[in-house]
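Colleague: Here is my input, please return the structure:
(one chain, ligands or ions: 2)
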Amino acid sequence: MTILVTGGAGYVGAHAVLALLDAGEQVVVLDDLSTGSRAAVPDGVPLVVGDVGDAALVSRTIADHRVDEIMHFAARIVVPESVADPLGYYEANTMKTRALLAASVAAGVRRLVFSSTAAVYGEPAGSTLTEDAPLVPINPYGRSKLMSEWMIADAARAHALGYVVLRYFNVAGADPKGRAGQSTPNATHLVKVACQAALGARPEVAIYGDDNPTRDGTCLRDYIQVSDLAEAHLSALRHLREGGDGAVFNCGYGRGASVHEVIEAVKRVSGVDFPVRRAERRAGDPASLVADTTRIRRVLGWSPRFADLHTIVAQALAWERSVSPDADGRTYARARIAASVNA
Ligand SMILES: NC(=O)c1ccc[n+]([C@@H]2O[C@H](COP(=O)([O-])OP(=O)(O)OC[C@H]3O[C@@H](n4cnc5c(N)ncnc54)[C@H](O)[C@@H]3O)[C@@H](O)[C@H]2O)c1
Ligand SMILES: O=c1ccn([C@@H]2O[C@H](COP(=O)(O)OP(=O)(O)O[C@H]3O[C@H](CO)[C@@H](O)[C@H](O)[C@H]3O)[C@@H](O)[C@H]2O)c(=O)[nH]1
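Modeller: Ligands and ions are numbered 1, 2, ... in the order given. I've put the predicted structure just below:
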């Protein structure tokens, strides 16, 4: 049994690959390297460089590697970019997921775990979100993912395909063994941006809006550590292998941190008081996204190991130190991932 990991050279996908290898699974990665990097794929793991929307390539990869399970991470993921380029997002996320599904169903793939997002909930009214909260995304990114969720559920009903949809809240942190982290070029994610500012790789952090209806006016997000999230994928696969029903699960910790609180945590952990400035709100940003995690804990038996903002920030900082040029333009040497796999 081989698991095809689309987007396995990216941030979350690379951590899932490590978790799968640690669990003794066989993996093949399909990635076009648009935001991912070859170096994120551990030695010994086959990497097929190509487009997940290329049905012929997907069919060939499934046949060549005897794939019967897929984890589908490949996507474009930046909310404001989706507002500026909606058609690009529908193509990358919705149409290419359809192509992957068609090839998978035709080849008899049995199980699919799909990366969805809290952005499908839109601008929620309540404090925490259960999976049954209204699905009213407020940006094209969220809509592109919600359409994919619907296609997957419909295809699963019509064909012998088991599926789990995981709706991630905000992913952050890095592999605790230092084997992987977030290397996306020009990353826009708050924790990474703040860590880069602490290390002198950026001059400042802009806070996008401090007039939201939240406790300090800045947006609240539920930051989930990336290896905890990778474990949720393994739990989802086990659930399906044991005959579990198709299902949707929130992935978060059930508590929100504000932009101010994240910046304070990065300042405290790094010991650096970097400049922060107020900026306009960003297009498509909901004020608050916090998960209710009852279902994933109950049905999948998932329990997180790193549910502490300071721990997450410390991991992100350690990773950033290993990959970022510092203020003088020096690049810190990065430990080779391959050498430490299964260390
Ligand atoms: N990072 C987050 O906070 C977050 C939150 C919610 C959901 N997600 C979802 O998680 C998944 C992974 O996100 P990430 O943070 O690892 O992003 P990422 O950009 O680091 O990884 C995406 C990977 O997919 C590859 N890719 C993109 N388009 C492709 C295509 N057409 N064909 C083949 N490969 C392609 C990229 O090269 C990259 O390696 C995405 O589906 C995203 O929507 C992420
Ligand atoms: O330099 C920055 C970067 C971010 N923010 C704010 O910080 C919060 C988090 O932003 P970011 O880290 O960019 O993540 P989101 O826009 O919340 O989106 C992430 O989290 C979503 C799930 O909640 C996923 O669907 C997306 O793929 C993923 O990019 C938002 O309020 C931003 O406005 C700033 O104030 N300054």
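
Colleague: all strands for the protein, in order.
Modeller: Assigned by DSSP state E, the strands in the chain fall at 2-6, 26-31, 47-49, 67-72, 111-117, 162-168, 170-172, 205-208, 220-221, 223-225, 247-251, 257-258, 276-279, 288-289.

Colleague: Spell out whether stretch 301-310 and ligand 2 are in contact.
Modeller: No - applying Cβ under 6 Å from any ligand atom, one finds stretch 301-310 separated from ligand 2 by no less than 13.2 Å. Heads up, the C-betas are built off the backbone N, CA and C, glycines and all.

Colleague: Can we start the residue count at 29 from this point?
Modeller: Done: numbering now begins at 29, and the last item shifts to stretch 329-338.

Colleague: Could you tell me how far that stretch lies from the centre of the chain?
Modeller: Put simply, stretch 329-338 sits 16 Å off its chain's centre (Cα atoms, centre = their mean, to the nearest Å).

Colleague: who touches it?
Modeller: Where contact means Cβ atoms under 8 Å, 6 or more residues apart in numbering, the residues beyond stretch 329-338 that reach it are 201, 204, 251-253, 255-256, 259-260, 263, 281, 285, 289-290, 293, 296-297, 324-325, 340, 343.

Colleague: if you set the cut-off to 6 Å instead, what comes out?
Modeller: The contact list for stretch 329-338, computed with Cβ atoms under 6 Å, 6 or more residues apart in numbering, reads Gln253, Asp256, Ala260, Ser263, Tyr281, Ala285, Ala293, Val297, Ile324.

Colleague: quick revisit: make a markdown table out of the strands of the chain and add mean neighbour count.
Modeller: Putting these into a markdown table (neighbours: other Cβ atoms under 10 Å) gives the following:
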| stretch | mean neighbour count |
| --- | --- |
| strand 30-34 | 25 |
| strand 54-59 | 24 |
| strand 75-77 | 17 |
| strand 95-100 | 24 |
| strand 139-145 | 26 |
| strand 190-196 | 24 |
| strand 198-200 | 24 |
| strand 233-236 | 19 |
| strand 248-249 | 23 |
| strand 251-253 | 26 |
| strand 275-279 | 23 |
| strand 285-286 | 22 |
| strand 304-307 | 13 |
| strand 316-317 | 22 |
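
Colleague: Could you export those strands as TSV, including distance to Trp330 and mean pLDDT?
Modeller: Output for the strands of the chain, formatted as TSV (distance: least, Cβ to Cβ, whole Å; pLDDT from 0 to 100):
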stretch	distance to Trp330	mean pLDDT
strand 30-34	18	98
strand 54-59	21	98
strand 75-77	28	98
strand 95-100	16	98
strand 139-145	13	98
strand 190-196	10	98
strand 198-200	15	98
strand 233-236	31	98
strand 248-249	20	96
strand 251-253	11	98
strand 275-279	8	98
strand 285-286	20	98
strand 304-307	34	98
strand 316-317	19	94
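
Colleague: Alright, that wraps it up for me.
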